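*Asks:* 3D model of this:
(chains A, B, C and D)
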Protein chains: 2
Amino acid sequence: MDRVDVSLIALRRILRATELFSRELAQSSGVTAVQFRVLQIVAEKEQTTAKEISLRMRVSQATVTSLVDKLVRQKLVSREKSSTDRRQTNIAMTEEGWQTISNAPDPLQQRFVRKFSAMEDWEQAMLVASLERVATMLDAEDIDASPVLDTGDIRRVTEI
Amino acid sequence: MDRVDVSLIALRRILRATELFSRELAQSSGVTAVQFRVLQIVAEKEQTTAKEISLRMRVSQATVTSLVDKLVRQKLVSREKSSTDRRQTNIAMTEEGWQTISNAPDPLQQRFVRKFSAMEDWEQAMLVASLERVATMLDAEDIDASPVLDTGDIRRVTEI
DNA sequence: CATGTTAGTTAGCCAATCAAAGCAATATGG
DNA sequence: CCATATTGCTTTGATTGGCTAACTAACATG
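*Replies:* Numbering: from 1, shown residues only, chains lettered A, B, ... in the order given. From the prediction side, this is the model:
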C-alpha cells in the first residue's frame, strides 16, 4: 500500500476518533460538543453576539439561535439586549456556564496533550510541522481554529 | 504559543476542512457524504449486508436502514434477500450507483493527493509517520479506516 | 420442537443544520 | 425628517444523521 493510502487512512482514523468522542460526550454530559463549542466562544471574551458566534463557527445565525436557546435553557449563558445597539443581543456567561466549562471532562484532548508532552523534543517538532503541513494542504482559507479538539480547554487570550 | 497549542490548532483546521467540504458536497451533489460513504462500502465488494455496513461505519443497524433507504430511493443501490440466509439482505450496486461513485467530485482528497505526491520523499515519509502517530494517540481501538477522507475514491481491494 | 440468537425494519425521538420569512432597530439618501 | 435600505436576530418548517426499543422473520441448537 502506498504512502498516500497510509496517510489517508491515518487521517480518517483521526477524524473518526474525534467524531466518536463527540457522540460519547453528548450522551454522558449535559452539553453536546457543538453546544460546548459555543460556550467556549462566549467564554473567550466573557460575552459575544450571535453574529460573532455564527461567523466563528461558520454556521447560520438561525443555528446559533437554536444552540444558544439550549444553553440559555440550561442557564449556562444569558441573553441581554445590547444597550448601544438594540438590534444586538449580548450573550454572556453565567456562573454555571463558567463552572461547566471548567469542569468539563476532556478525555480526547487530554489524551493528546499527555501523549504529546511525553514525546521527545525532535518528535514534537516533527509532529507540529507535519500537522501544519496537512492543515495547509486541506484548507485554503483562514478559519476559526482555536486550540481545541471539538471541545477542550478554554484559552481566553488565544486569537491567532 | 507552545507546540501543544499549535498542533491542536492544526488538527482543528484539518477537522474543519473536511467538515466544510462535507457540507458543500451535500449541497452540490445528490448524495451526502455519509450516504456516499455507504455507497463506497457497498462498492468495495459489489455487494454487502446491512450488518457489514453498520460494523464498518460504527453506526446502528437502524441508521444503516435509513441510509440505505435513501440510496435505494435514488436507485443507487438495490436490496435483495440473500438466498443462502434469508435473514440477510444483500445490498448491491446498481448501474447508476457505479456512475455516481465514479463521477463524484472529490476536491478534498484530490487536493491532498496532488500535494502529497508533489512532496519530496523524506517529507512524505515524515508526514505518514506523524499522521499515524497522531491517529494512534487519539484512537484506542481498531476502527474502519479505509483510505478515504469522508468521501473519496474507492479501492475495492484495500482491507487493512 | 422450544427456545435462543441474528438480521433487518419500524416507530418514535433528538440534535444540528439550513432557508425563508418576519420583526425590530439603526443607517442613509434624498 | 422621513422613506427606504440594511442589519441582527428569531421563528418556522424542513432535512439529515443518529439513537433506542420493539417487532418480525429466519436460522440454530439443545
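
*Asks:* what about the residue nearest to A:Gln88 when sequence neighbours are not counted, how many residues nearby?
*Replies:* With sequence-adjacent residues excluded and distances taken as CB to CB, 6 or more residues apart in numbering or on different chains, A:Gln88 is closest to A:Ser82, at 3.8 Å. C-beta coordinates here come from the backbone N, C-alpha and C atoms, glycine included. The local packing of A:Ser82 (other CB atoms under 10 Å in any protein chain shown) involves 12 other residues.

*Asks:* and the one 3 residues further on, by the same measure?
*Replies:* A total of 9 residues lie near A:Asp85 under the criterion other CB under 10 Å.

*Asks:* doesn't it belong to a strand?
*Replies:* No: assigned with DSSP: H, G, I helix; E, B strand; the rest coil, A:Asp85 falls outside any strand and is coil.

*Asks:* restrict the strand or helix carrying A:Gln35 to CA atoms and write it as CSV.
*Replies:* If you go by DSSP states H and E, A:Gln35 is part of helix A:33-45. Extracted in CSV, the C-alpha atoms of helix A:33-45 (Å, rounded to 0.1, in the frame of the first residue of the first chain):
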residue,chain,number,x,y,z
ALA,A,33,-19.8,19.1,21.7
VAL,A,34,-21.3,21.7,19.5
GLN,A,35,-23.0,23.4,22.4
PHE,A,36,-19.8,23.3,24.3
ARG,A,37,-18.0,24.9,21.4
VAL,A,38,-20.5,27.8,21.6
LEU,A,39,-19.9,28.1,25.3
GLN,A,40,-16.2,28.3,24.7
ILE,A,41,-16.5,31.1,22.2
VAL,A,42,-18.7,33.0,24.6
ALA,A,43,-16.2,32.4,27.3
GLU,A,44,-13.3,33.7,25.4
LYS,A,45,-14.5,37.3,25.7
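
*Asks:* re the thing from before, in contact with the residue nearest to A:Gln88, which residues?
*Replies:* A:Thr49, A:Gln88, A:Thr89, A:Asn90 (CB atoms under 8 Å, 6 or more residues apart in numbering or on different chains).

*Asks:* which of the residues you listed are buried?
*Replies:* Among the contacts of A:Ser82, the ones that count as buried by 16 or more other CB atoms under 10 Å in any protein chain shown are A:Thr49, A:Thr89, A:Asn90.

*Asks:* ok, which stretches of chain A are strands?
*Replies:* A:47-49, A:77-81, A:89-93 (DSSP state E).

*Asks:* what does chain A put close to DNA strand D?
*Replies:* Within chain A, the positions adjacent to DNA strand D are A:23, A:49-52, A:61-62, A:64-66, A:68-69, A:79, A:85, A:87-89 by CB under 7 Å from any atom of the strand.

*Asks:* one more time with 6 Å, if that's ok
*Replies:* Neighbours of DNA strand D within chain A, by CB under 6 Å from any atom of the strand: A:Thr49, A:Ala50, A:Lys51, A:Gln61, A:Ala62, A:Thr65, A:Val68, A:Arg79, A:Arg87, A:Gln88, A:Thr89.

*Asks:* between the residues you listed, which is nearest DNA strand C?
*Replies:* Checking these against DNA strand C by CB to the nearest atom of the strand gives A:Ala62 as the nearest, at 3.2 Å.

*Asks:* the closest one: neighbour count?
*Replies:* For A:Ala62, the count of nearby residues is 10 (other CB under 10 Å).

*Asks:* can you pull the pLDDT of it?
*Replies:* With respect to pLDDT, A:Ala62 scores 96.

*Asks:* ok, the one 4 residues further on next?
*Replies:* Confidence per residue is given as pLDDT, and for A:Ser66 that number is 97.

*Asks:* from A:Lys51, how far off is the residue nearest to A:Gln88?
*Replies:* 11 Å (CB to CB, to the nearest Å).

*Asks:* which neighbours do these two have in common?
*Replies:* The contact lists of A:Ser82 and A:Lys51 share A:Gln88, where a contact means CB under 8 Å, 6+ apart.

*Asks:* residue ranges with poor pLDDT in chain A?
*Replies:* A:1-2, A:5, A:8-9, A:12, A:16, A:19-20, A:23-29, A:104-111, A:139-160 (pLDDT under 70).

*Asks:* tell me which parts of it are close to DNA strand C?
*Replies:* A:32, A:34-35, A:59-60, A:62-63, A:66-67, A:70, A:85-87.

*Asks:* report the buried members of those.
*Replies:* Among those, those buried by neighbour count (16+ other CB under 10 Å) are A:Thr32, A:Val34, A:Gln35, A:Val59, A:Leu67, A:Lys70.

*Asks:* let's have the strands of chain A in TSV, adding distance to B:Glu95.
*Replies:* What follows is the strands of chain A, written out as TSV (distance: least, CB to CB, whole Å):
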stretch	distance to B:Glu95
strand A:47-49	51
strand A:77-81	52
strand A:89-93	51
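
*Asks:* cheers, nothing more for now.
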